[in-house]
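K.L.:
fold the following and give me the result.
(2 chains)
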2 protein chains.
Amino acid sequence: MAKPFNRQFTLAARPQGLARLSDFRLIAGALPAPREGEVLFRNTLFSIDPYQRNLMGNGSSEWPTLNIGDPMGGPTVAVVEASRHPDFEPGDTVQTWSGWQDYAVSNGSDIRKLDPAGAPLSTALGPLGLTGFTAWYGMTKVHDFKPGGSLIVTGAAGSVGSMAAQLGKLRGMRVVGVAGGPTKVAMLKEELGLDAAIDYKASDFKEQVGQALPDGIDAFFENVGGPIFPVLMEHFNTDAKMVVCGTIADYSDTELPQGTNYLPRLITLIHYRFVSIKAFATPYVIDAFPEFLAAVAPLVAAGKLRYYEEFVDGFEKLPATLLSLFDGTHSGRKLIVRND
Amino acid sequence: MAKPFNRQFTLAARPQGLARLSDFRLIAGALPAPREGEVLFRNTLFSIDPYQRNLMGNGSSEWPTLNIGDPMGGPTVAVVEASRHPDFEPGDTVQTWSGWQDYAVSNGSDIRKLDPAGAPLSTALGPLGLTGFTAWYGMTKVHDFKPGGSLIVTGAAGSVGSMAAQLGKLRGMRVVGVAGGPTKVAMLKEELGLDAAIDYKASDFKEQVGQALPDGIDAFFENVGGPIFPVLMEHFNTDAKMVVCGTIADYSDTELPQGTNYLPRLITLIHYRFVSIKAFATPYVIDAFPEFLAAVAPLVAAGKLRYYEEFVDGFEKLPATLLSLFDGTHSGRKLIVRND
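P.N.:
All right, here's what the predicted structure looks like:
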C-alpha cells in the first residue's frame, strides 16, 4: 500500500573515507503533486551501485555530486500512480532516475516505459540498465578491443565486471577474470565460462597471475584499482589498451598509500609498450543508451548473458546496502532493494 | 681526411642504471667494401639523443635493442665516398641510420639524399630529423589536441620539447613549458614565446605550477617523468589528453622510488576526469616521415621554428656526450658530434 507520506534518504554529510550510516538522513514529507504535463510515480525497486558513493562527493570527481540535503540519486523501477502527461497512464511501469525516495514526479523526459511482459523488471537496473550499459560502453565504444586478443577484467564477479567479461567472450576474446575468494573464482570459470580466473585474495596471487596470462594482456577492463594493479600491469603487451571503469578499492581513500611508488613504472610501461589508457563516465555518454539496448536486450532474452541479482527487502535498508559494497561483505551480485 | 680504417663504438655491456663509459668499446677494423647496388659513405655528423640509452637495453622496453658487440645506433649525416648504386654519386650528402662508426655501407633503402643548398645539414639530425619528427608526431598524430586548449610540455628546453612547444603555439594553444633553472626558463618565455614557464628546480616549484596553470591542463606532452609528474597531474582538466614521449628521469632507474605511491591517484584522476594517455615509438611510425618533412620543412625554412644546436668535436667524444644527457650537465640544446 502506498503510504500517505514520502520517505527520502538525503545526503546529511560528505563522507571522509568510507561512508557511514550517519552520512544519510531519513526524512518524510508530503507527496509531490504532479503539475500539468507531469507524472507521479512510486518507486518499487532501487539499484545499488558503487558509483553512488561518488555522488556523495569525495573531492576530485568530475561526476555530478549531490548537494547536502538532496535525496540520494540512482535509478529505480517505479509504477505510475497519477499522470497529467499524455504518454503515461496509472499502472505503467517505468525506469526512473529518482533515487532514494518513495515517490517522485517527472515531466517524462527522464523516465522510460518498461514492458512488464518482457525481461524481468529488475533487469532494467542490471544487465539492461546502467550496469549493463557501463560494461557495454567500456567494451565497445572506448577502445577498439581486438577479437582474439586477451582481456583481463577486474571485479569480474561484480555486476559490471561479469557483463564486461561475458561481452568479451561473445567478442571472441580470451578472457581472464579477477575476483576475491574461491567461490567467485569457480563462478567465473564454471558459470561465465571464462578462460581463466585469478583469486586476488590467495597467497599465491602472483603465481596465479603468471599462469593465467601466458600471452600477456591486450585489453584491460579495470573496475577495482588498489594494490593488485601493479602486479597486473607488468603483463601489458605492446599496444595494450585499458579502460578505467572504476576503482572501487580507491573510492574511499583519503590518503595515498606509502611504500613503493609504482607511478614511474606505469609511465615507463606506457612509454615502452605503447599502452593506451582511457576512461569514461556514463552520465556524459548516455545518448548511446538506445544503441546499447538494441544490442544487448536480444542477448539477455536469448540467455547469452548471465546476470546475478540479490534482493534486499525494505526501503530503510538502502544506506546499509550501499555500504555493504565497500566493507567486504558484498557477494558480488547486483544488489536491488525492494520497496515495502 | 678519411682514415684507412673504420672506428666503431660498440655496445660492450648492458648498463645497470646510468650508463658508463665502460659500457662502450672502441674498436677499429677494415673499411667495408660496397657490393653491387651498395653505397659506401663516411659519417660526418652524429645525433645524440636520449632514446639511445634505450638501445643499450634496460629490461622492459619494446624498442629495438642492440646486441652486445653491435655498433651503437643512431642517425648521422654522411658523405658518399664510393657508389655502386645508380641513385648516388661520390660527394652526395645523405642522412643515414648507421650509428657510431666512421664508415658504413647501405643498399640505399635506409638513406636519403640531403640538399646542401637547403637548410643547414645539421637540421637533418634536429628539427628536420628524428627529433622534429618525434615532436610533430606526438603533437599531431597521437591525440587530437584542440587549438585554444592549454598544453604543458616537460623538458621544454630540450630538442624534442622545444619543438613540441613551438608546434603547440603554431596550433593556437596556450603553452606552458617546464625546464630546470632560470636560464632555460627565460629562454622558454623570451625566445620560444611560451605563455608561461615553470622551473622544476626552484624551491617554489609547486606555487609556480599553480600560477602557470590557472585553467588546468588540456594537453600534456611528457618528456621527463620523475617526481614532478605527480604535482603536474593534479591539474588535469576533464578530458585531458597526454602523450608519453619520453621519461628521461626514469630511463636509468633500476629500483622504484619509495615513499608515497601515486599510482592509485593517477588511476583515480584518469577515472574521474576521463584522462586519456597514449604513447608511441618512432621506429613503428616512421612511414609518416615524408608527411612530417612536407609539413615542417617550410616552417624551419620560414624561421617559424627555432632550434638550438651544440656541436662537439671528435668521434671519440660520442660516449661521454651521450652520458651528459643523463648526469645533469647537458644544456638542453640538441647535441651533435662532428667527426674529425
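
K.L.:
shaky segments in the stretch 101-250 of chain A?
P.N.:
Across the stretch 101-250 of chain A, the ranges flagged by pLDDT under 70 are A:249-250.

K.L.:
show me where it has strands.
P.N.:
A:103-106, A:112-113, A:150-154, A:174-179, A:196-199, A:217-222, A:236-244 (DSSP state E, counting those that start in this stretch).

K.L.:
for the last one, packing partners?
P.N.:
Contacts defined by 3 or more Cβ pairs under 8 Å, 6 or more residues apart in numbering or on different chains; DSSP states H and E place strand A:236-244 against strand A:217-222, helix A:263-273, strand A:276-279, helix B:263-273. C-beta: built from backbone N, CA, C; applies to glycine.

K.L.:
likewise the first one?
P.N.:
With contacts defined as 3+ Cβ pairs under 8 Å, 6+ apart, strand A:103-106 has these neighbours: strand A:39-48.

K.L.:
please compute how far the helix or strand that the strand it packs on is followed by lies from its chain's middle.
P.N.:
For strand A:39-48, the following helix or strand on the C-terminal side (DSSP states H and E) is helix A:51-55. Mean C-alpha position of helix A:51-55 versus that of the full chain (Cα atoms, centre = their mean, to the nearest Å) differs by 10 Å.

K.L.:
how about whichever helix or strand comes after helix A:51-55: buried residues?
P.N.:
On the C-terminal side of helix A:51-55, the closest following helix or strand by DSSP H and E is strand A:76-83. By neighbour count with 16 or more other Cβ atoms under 10 Å in any protein chain shown, strand A:76-83 contains the buried residues A:76-83.

K.L.:
nearest to chain B among those residues?
P.N.:
Lowest distance from chain B to the buried residues of strand A:76-83 (Cβ to the nearest Cβ) belongs to A:Thr76, with 24.9 Å.

K.L.:
so that closest one touches A:Asp49, yeah?
P.N.:
No - using Cβ atoms under 8 Å, A:Thr76 is not in contact with A:Asp49, being 11.8 Å away.

K.L.:
shared neighbours of these two, anything?
P.N.:
Any residue near both A:Thr76 and A:Asp49 by Cβ atoms under 8 Å, 6 or more residues apart in numbering or on different chains counts here, and not one turns up.

K.L.:
turn the helices and strands packed on strand A:236-244 into JSON lines, columns for distance to B:Val176 and mean neighbour count.
P.N.:
As requested, the helices and strands packed on strand A:236-244 are arranged in JSON lines below (distance: least, Cβ to Cβ, whole Å; neighbours: other Cβ atoms under 10 Å in any protein chain shown):
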{"stretch": "strand A:217-222", "distance to B:Val176": "30", "mean neighbour count": "25"}
{"stretch": "helix A:263-273", "distance to B:Val176": "19", "mean neighbour count": "23"}
{"stretch": "strand A:276-279", "distance to B:Val176": "23", "mean neighbour count": "22"}
{"stretch": "helix B:263-273", "distance to B:Val176": "18", "mean neighbour count": "23"}
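
K.L.:
closest to B:Arg333 out of the ones you listed?
P.N.:
For those, distance to B:Arg333 was read as Cβ to Cβ. The smallest value, 23.2 Å, belongs to helix A:263-273.

K.L.:
just checking, what packs against that closest one?
P.N.:
For helix A:263-273, the helices and strands in contact under the criterion 3+ Cβ pairs under 8 Å, 6+ apart are helix A:229-233, strand A:236-244, helix B:229-233, strand B:236-244, helix B:263-273, strand B:276-279.

K.L.:
only the buried residues of the fourth one, if you could.
P.N.:
Buried residues in strand B:236-244, counted by 16+ other Cβ under 10 Å: B:236-237, B:240-244.

K.L.:
okay, buried residues for the next helix or strand along the chain from it please.
P.N.:
In the C-terminal direction, the helix or strand that comes right after strand B:236-244 (DSSP H and E) is strand B:258-260. Of the residues in strand B:258-260, none is buried by neighbour count under the rule 16+ other Cβ under 10 Å.

K.L.:
neighbouring strands of strand B:258-260 in the sheet, and parallel or not?
P.N.:
Strand B:258-260 has its sheet partners listed here by DSSP bridges as strand A:258-260 (antiparallel).

K.L.:
about what we covered before: now compare the buried residues of strand B:236-244 and name the two farthest from each other.
P.N.:
Pairwise distances across the buried residues of strand B:236-244 (Cβ to Cβ) peak at 17.9 Å, for the pair B:Asn237 and B:Val244.

K.L.:
for A:Arg14, give me its contacts.
P.N.:
Contact criterion Cβ under 8 Å, 6+ apart gives A:23, A:56-58, A:68 as the residues in contact with A:Arg14.

K.L.:
quick one: end-to-end distance for stretch A:47-55.
P.N.:
One end of stretch A:47-55 sits 14 Å from the other (Cα to Cα, to the nearest Å).

K.L.:
ok, now stretch A:8-23?
P.N.:
Across stretch A:8-23, the terminal residues are separated by 13 Å (Cα to Cα).

K.L.:
now that stretch: buried residues?
P.N.:
A:8-12, A:15, A:19, A:23.

K.L.:
one more: stretch A:89-107?
P.N.:
Residues of stretch A:89-107 classed as buried: A:92-106 (neighbour count, 16+ other Cβ under 10 Å).

K.L.:
same question for stretch A:145-157.
P.N.:
Of all the residues in stretch A:145-157, those buried under the rule 16+ other Cβ under 10 Å are A:145, A:149-157.

K.L.:
that stretch near chain B anywhere?
P.N.:
No - with Cβ under 8 Å from any Cβ of the partner chain as the measure, stretch A:145-157 is seen stopping short of chain B, the closest distance being 11.3 Å.

K.L.:
how far out from the middle of the chain is that stretch?
P.N.:
On the basis of Cα atoms, centre = their mean, stretch A:145-157 is displaced by 17 Å from the centre of the chain it belongs to.

K.L.:
next: stretch A:157-168.
P.N.:
Here the centre of mass of C-alpha atoms in stretch A:157-168, compared against the chain's by Cα atoms, centre = their mean, lies 10 Å away.
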